[in-house]
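Asker: Everything below, folded, please.
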Amino acid sequence: MEKKIIFTESAPAPIGPYSQAVQYGNTLYISGQIPMVAQTGAIITDNIKEATKQVMENLQAILTAADASFADVVKTSIFLTDMGQFAQVNEVYATYFNNNPPARETVQVSGLPRGVNVEISMIVGK
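Answerer: Residues are numbered from 1 along each chain as shown. Reported below is the predicted structural model:
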């Protein structure tokens, strides 16, 4: 098996030494995405629902670049700086998974890159 790097300009460029996603065999590993708008670099921090929607749109762009979809996602990890925002994040997140949602954990962390409130990563089976 060979490792394939996935990159799209439709999602934010990595802000460190990592790839947006890596495909190895039939598995795609998508790095944590934050609520950054790829085209402008703007970061959404004042509205958790809008921030979560932007994160999910960034993930969608990477899935598309890898010829995958949310239906292929087998596992997600959600990182929040305030677990009190869980219900709002979950409300937006749920709209991206119509049937058979993936396995998931959600954890509260003390901080995230660029001062954001939410970050989500994914593992995808293709």
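Asker: For the rest of this, base every contact and every neighbour count on C-alpha atoms.
Answerer: OK.
Asker: Tell me where the chain has strands.
Answerer: Assigned by DSSP state E, the strands in the chain fall at 3-6, 21-24, 27-33, 73-80, 103-108, 118-125.
Asker: tell me what the second one is packed against?
Answerer: Taking 3 or more Cα pairs under 8 Å, 6 or more residues apart in numbering; DSSP states H and E as the contact definition, the neighbouring helices and strands of strand 21-24 are strand 3-6, strand 27-33.
Asker: List the buried residues of stretch 110-123.
Answerer: 116-123 (16 or more other Cα atoms under 10 Å).
Asker: As JSON lines, the residues you listed with pLDDT and distance to L28 would be great.
Answerer: JSON lines is the format used below for the buried residues of stretch 110-123 (pLDDT from 0 to 100; distance: Cα to Cα, whole Å):
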{"residue": "V116", "pLDDT": "98", "distance to L28": "24"}
{"residue": "N117", "pLDDT": "98", "distance to L28": "25"}
{"residue": "V118", "pLDDT": "98", "distance to L28": "21"}
{"residue": "E119", "pLDDT": "98", "distance to L28": "18"}
{"residue": "I120", "pLDDT": "98", "distance to L28": "14"}
{"residue": "S121", "pLDDT": "98", "distance to L28": "11"}
{"residue": "M122", "pLDDT": "98", "distance to L28": "8"}
{"residue": "I123", "pLDDT": "98", "distance to L28": "6"}
